[in-house]
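Student: Dropping a prediction and its sequence here:
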Amino acid sequence: MTLDEKIACLGTDPSVPRLGIRGSRHVEGIHGLAQGGPANWRPPRIIPTTIFPQGIGMAETWDVDMLRQAGEIEGYEARYIFQSPNYHQGGIVIRSPNADLGRDPRWGRTEECYGEDPFLNGTMVVAFVKGMQGDDPKYWRAAALMKHFLANSNENDRDKTSSNFDERLFREYYSVPFRMGIVEGGSRAFMASYNEMNNVPMTINPVLKDVTRKEWGHDGIICTDAGAMRNLVTSQKYSPDFESAAAASIKAGIGQFLDNYREAVYGAVKRGLLTEKDIDEVLKTNFRVMIKLGLLDPPAMVPYAQIGSGPEPWLSEKHKSFARLITQKSIVLLKNSNYTLPLDRTKIKSIAVIGPRANELLLDWYSGSPPYAVTPLAGIRNKLGNTVTVNYSAGDAEVARNADVAVVCVGNHPNGGENMPWAKVSVPSEGREAVDRESLTLEQEELIKQVYRANPRTIVVLISSFPYAINWSQQSVPAILHMTHSSQEEGNALADVLFGDYNPAGRLVQTWPRSLDQLPPMMDYDIRHGRTYMYFKGEPLYPFGYGLSYATFAYSNLRVTPGAVPGKGSITVTVDVKNTGTRSGEEVVQMYVKHLNSSVERPLLELKGFTRIPLAPGQKTKVTFSLPANRLAYWNVTAHRYEIEHDRVEIAVGGSSADLRLKKIIQVTAR
C-alpha cells in the first residue's frame with residue numbers, strides 16, 4: 001500500500017481499489033438498520049428495513065433472547081443490502097449497540113441506551129453483539145461497533161465537558177458494558193466519545209490502549225465520533241493544531257476518523273509528528289475487522305457471502321412477526337387499578353382515542369425507514385374492526401365524554417418536536433442528541449387531566465424515550481402503559497396489550513424520579529451522590545425493574561448453595577415462582593445482592609441476575625441463577641485489581657428492585 005492508500009484507509013471505508021480490496025463503510029443501527037429515516041443517512045437509495053422499538057424499549061423487555069434475535073435480523077438485513085445485486089449499498093460495520101449507561105433521565109440520548117444498570121446493560125449489549133455478528137467460529141455476519149466510549153451521558157457542551165469520577169466507578173460502573181461487549185460478546189469495534197474523562201479527551205485518552213487493548217484484548221477498530229479530532233483544537237483546546245491532534249489520535253489507538261482528517265495526517269507525517277509505522281499499527285486493527293467479515297477471502301469460504309439473493313427480508317413474515325413480538329414484550333404496565341386493563345371488547349361499544357401521539361408513529365434520528373408503520377389509532381381499529389365505534393382527536397377532550405373508555409396517547413417527540421432545527425427542542429421536557437432535558441414534567445399531562453374530567457375511565461399510554469414525572473397521572477387515572485417510539489408494529493402491539501391478547505411483562509430499566517429535586521446536578525458523574533437505584537435517595541415514582549402484569553406471581557423456597565463460598569467459587573441460587581393469577585403471563589425474576597460488611601462503600605443494591613419466564617395459570621417452575629464469586633468483587637484502587645472481600649452478602653429475589661420477596665445471607669471468603 002502506498003502512503004496515500006494508507007491515509008485513505010483511515011476513513012470509514014478501508015477499501016483499496018488498486019489491490020482489489022473491498023472494505024465496508026459504517027451504517028447506523030440502534031434499533032434496526034438505518035438506510036433512510038428522519039436523518040436520511042445519505043444512502044444512494046432509501047431502502048426499508050425492519051424497525052424495532054428504541055434501544056431503551058428493547059431493554060425494557062428484559063429478554064436476552066429478544067435482543068439476540070434483533071441483532072441477528074439487523075445484521076442479516078445489513079449483509080443483504082450490502083451484497084444484493086439489487087442494492088449494493090450500506091455497510092456491515094454497524095454503529096450499535098449504544099453501551100453508554102443512562103445514569104440520568106435528563107440525558108438527551110437516553111432512548112439509545114439500555115438503562116442505568118451496568119450488568120443489565122452489559123448483558124443486553126452482549127446479546128445484541130452476538131446476534132449481529134453470528135455464531136460462525138471464523139467469520140462475522142456484521143461487525144458491532146459500540147458507542148460511545150466512555151461516560152458520555154450529557155449532551156449539552158458534550159464536545160468540551162469532562163466526565164469526572166474515580167477509578168472504582170470507571171471499573172465497576174461506566175466501563176462494564178463495554179468490557180462485557182468486548183470480552184463476552186466479541187465486539188471488536190467501538191467509537192470514542194466526544195467528552196473528556198477526568199479532563200483528558202476520550203479521542204486521545206490512554207485507556208483506549210491501556211485498558212481496552214492491553215487488558216480486554218480489543219484488537220479491532222477504534223474510531224472517533226464525528227468531528228472529534230478537530231474538537232481537540234477548536235472546543236477542547238487540548239492540541240495546538242490539527243496536525244498534532246491527528247498524530248495524538250492515531251498514537252492513542254484511533255484507526256478511523258469521522259472527520260476531515262487527511263490534510264492533518266499528511267501534515268503530521270511531514271512534520272515528523274507521525275510515522276508511517278504509526279499508521280500501519282492502526283490500519284492493522286481496521287483490516288482485522290474486514291478479515292472477520294470475510295471481505296478479504298473468496299466468497300466460497302464465507303458462510304454469510306450468499307446473503308443477498310431471494311426476497312427482501314424486511315417483507316418476510318418472520319421479521320414482521322418478530323417486530324410485533326419484541327414490541328409487545330417492551331410494553332410496561334405502570335398502573336392498573338381495579339383491573340381496568342385488559343379491556344373486554346365484547347362489553348365496549350365506543351372508545352375515544354385521543355392525543356398527539358395517537359395517530360402518528362415517530363421515527364427517531366437513528367431510525368431507518370420501516371416497510372410499513374402501524375399507529376396506535378390504526379392498531380386499535382385493526383383490533384376492533386367494525387364491532388366498536390372508535391373516535392379520534394389529537395387534542396379535543398370532549399371526544400371522550402360519551403365514550404365507554406378513553407385512551408390518551410402522549411409523550412415526547414424523539415426529534416425534539418415537529419420540524420425542529422438541529423440541537424433545538426420545542427418544550428423543556430424534550431431531549432435529543434445535542435440537547436439535554438431541562439424538565440421531567442410532561443406538558444401534555446394537562447390534556448390527560450381534561451380527558452379524565454370528561455371521562456374517568458381513562459387509560460394513559462405514555463409513548464416516550466425517557467422517564468417523566470407523571471405524579472398526577474399515577475395518583476389519578478386508573479391505568480398507565482409505557483412504551484417507546486419507532487417500532488413499525490407500535491399500534492398493533494399496543495392494541496394486543498390493551499385488549500388482553502398479550503399480557504404485558506416489560507420492566508423499567510431506569511429509576512423514574514418524582515421530581516428534579518431528587519437528582520444531583522447533571523454534570524455530577526459520581527453516581528454515589530444519589531444517582532440510579534443503586535444510590536437513589538428518597539422514594540421514586542417508579543423503581544428500577546418495575547412493571548406490572550395481568551397475572552400475579554408468588555415466590556417461595558429460596559435456596560442458596562453453598563452457604564459459604566470461596567473467592568474462586570460460584571453460588572447457585574434457586575427459587576420457585578408460581579403464577580397465582582387467572583391468565584397466562586410472564587414474570588421477570590430479578591436477583592440482587594447487598595454487601596453487609598464491606599470495607600468500601602457499596603451500592604444499596606446491585607442486580608446480578610434476571611430471567612423472563614412464561615407461566616400458565618397455576619403453573620410453578622424453579623428458576624436457577626448462577627452467581628460466580630468474582631461478580632461480587634470490587635476494584636482495589638491501591639492494588640489496581642479486582643478483589644473479593646471476606647464479607648457477608650445478602651441475596652434477594654423478587655419482581656423489581658423495590659419488590660424483593662425472599663432473602664438469604666451467605667458468607668463469602670476472600671480465598
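Tutor: Cool, got the structure. Please read these numbers as outputs of a predicted model, since none were measured by experiment.
Student: Report how many residues lie close to the closest residue to V125 other than its chain neighbours.
Tutor: Leaving aside its chain neighbours, V125 sits nearest to G181 (4.4 Å; criterion: C-beta to C-beta, 6 or more residues apart in numbering). All C-beta spots, glycine's among them, are computed from the backbone N, C-alpha and C. When neighbours are defined as other C-beta atoms under 10 Å, G181 has 29 of them.
Student: Looks like M146 contacts S193 (just checking).
Tutor: No. Contact criterion C-beta atoms under 8 Å: M146 and S193 do not qualify, at 10.7 Å.
Student: Phi and psi next, for the residue nearest to V125.
Tutor: Backbone geometry at G181, expressed as degrees, to the nearest 10, gives phi -60, psi -40.
Student: Quick check on the spatially closest residue to N205 that is not a sequence neighbour: phi, psi?
Tutor: What sits nearest to N205 in space, not counting adjacent residues and going by C-beta to C-beta, 6+ apart, is M197, at 5.8 Å. Backbone torsions of M197, given as degrees, to the nearest 10, read phi -120, psi 120.
Student: M197 contacts T203, doesn't it?
Tutor: No. Using C-beta under 8 Å, M197 is not in contact with T203; the gap is 10.6 Å.
Student: Pick out whichever of these two has more residues nearby.
Tutor: More crowded of M197 and T203, by other C-beta under 10 Å: T203, with 31 against 21.
Student: May I have the residues that are in contact with the more buried one?
Tutor: By C-beta atoms under 8 Å, 6 or more residues apart in numbering, the residues touching T203 are A192, Y194, T224, D225, A228, M229, N231, L232, S249, A252, I254.
Student: Please repeat the previous calculation with a cut-off of 7 Å.
Tutor: By C-beta atoms under 7 Å, 6 or more residues apart in numbering, the residues touching T203 are A192, T224, A228, M229, L232, S249, I254.
Student: Dump these into TSV; add secondary structure and distance to S367 as well.
Tutor: Shown next, in TSV, are these (DSSP: H, G, I helix; E, B strand; the rest coil; distance: C-beta to C-beta, whole Å):
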residue	secondary structure	distance to S367
A192	strand	24
T224	coil	23
A228	helix	23
M229	helix	27
L232	helix	31
S249	helix	30
I254	coil	28
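Student: would you turn those into a markdown table with pLDDT and neighbour count?
Tutor: Below are the contacts of T203 laid out as a markdown table (pLDDT from 0 to 100; neighbours: other C-beta atoms under 10 Å):
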| residue | pLDDT | neighbour count |
| --- | --- | --- |
| A192 | 98 | 28 |
| T224 | 98 | 26 |
| A228 | 98 | 28 |
| M229 | 98 | 28 |
| L232 | 98 | 24 |
| S249 | 98 | 31 |
| I254 | 98 | 25 |
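Student: which one of these is nearest Y634?
Tutor: Distance ranking of those against Y634, using C-beta to C-beta, places A192 first at 26.7 Å.
Student: Beta-bridge partners for that closest one, please?
Tutor: F149 (DSSP bridges).
Student: Could you measure from it over to L361?
Tutor: Going from A192 to L361 by C-beta to C-beta, to the nearest Å gives 33 Å.
Student: Which positions in the helix or strand harbouring Q450 come out as buried?
Tutor: In the assignment (DSSP states H and E), Q450 maps to helix 445-454. Buried residues in helix 445-454, defined by neighbour count with 16 or more other C-beta atoms under 10 Å: E445, L447, I448, K449, Q450, V451, Y452, A454.
Student: Which other helices and strands does the very next helix or strand once past that helix contact?
Tutor: Sequence order places strand 458-463 as the next helix or strand after helix 445-454, per DSSP H and E. The contact analysis (3 or more C-beta pairs under 7 Å, 6 or more residues apart in numbering; DSSP states H and E) places strand 458-463 against strand 405-410, helix 445-454, strand 479-483.
Student: repeat that for 8 Å
Tutor: Helices and strands touching strand 458-463, by 3 or more C-beta pairs under 8 Å, 6 or more residues apart in numbering; DSSP states H and E, are strand 405-410, helix 445-454, strand 479-483, helix 490-498.
Student: JSON lines for the ones you listed, including mean pLDDT and distance to Y87?
Tutor: As requested, the helices and strands packed on strand 458-463 are exported to JSON lines (pLDDT from 0 to 100; distance: least, C-beta to C-beta, whole Å):
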{"stretch": "strand 405-410", "mean pLDDT": "98", "distance to Y87": "35"}
{"stretch": "helix 445-454", "mean pLDDT": "98", "distance to Y87": "43"}
{"stretch": "strand 479-483", "mean pLDDT": "99", "distance to Y87": "31"}
{"stretch": "helix 490-498", "mean pLDDT": "99", "distance to Y87": "26"}
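Student: Let me have these in JSON lines, extended by distance to G581.
Tutor: Putting the helices and strands packed on strand 458-463 into JSON lines (distance: least, C-beta to C-beta, whole Å) gives the following:
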{"stretch": "strand 405-410", "distance to G581": "22"}
{"stretch": "helix 445-454", "distance to G581": "28"}
{"stretch": "strand 479-483", "distance to G581": "17"}
{"stretch": "helix 490-498", "distance to G581": "16"}
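Student: Please name whichever of these is nearest to G563.
Tutor: Of the helices and strands packed on strand 458-463, nearest to G563 by C-beta to C-beta is strand 479-483, at 39.5 Å.
Student: other SSEs contacting the closest one?
Tutor: Contacts defined by 3+ C-beta pairs under 8 Å, 6+ apart place strand 479-483 against strand 332-336, strand 458-463, helix 490-498.
Student: With only the CA atoms kept, save the second one in PDB.
Tutor: These are the backbone C-alpha positions of strand 458-463, laid out as PDB (Å, rounded to 0.1, in the frame of the first residue of the first chain):
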ATOM      1  CA  THR A 458     -59.200   7.000  31.100                       C
ATOM      2  CA  ILE A 459     -56.100   4.900  30.100                       C
ATOM      3  CA  VAL A 460     -52.800   6.700  29.600                       C
ATOM      4  CA  VAL A 461     -50.400   5.400  27.000                       C
ATOM      5  CA  LEU A 462     -47.100   7.200  27.500                       C
ATOM      6  CA  ILE A 463     -45.000   6.700  24.400                       C
END
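Student: any residues touching it, and which ones?
Tutor: By C-beta under 8 Å, 6+ apart, the residues outside strand 458-463 that reach it are 334, 340-341, 343, 355, 357, 362, 376, 400, 405-411, 442, 448, 451-452, 468, 470, 473, 477-485, 490, 494, 498.
Student: In the sheet, which strands lie alongside that strand, parallel or antiparallel?
Tutor: Strand 458-463 is paired, per DSSP bridges, with strand 405-410 (parallel), strand 479-483 (parallel).
Student: out of those, nearest to D13?
Tutor: Comparing those by C-beta to C-beta, strand 479-483 comes nearest, at 36.9 Å.
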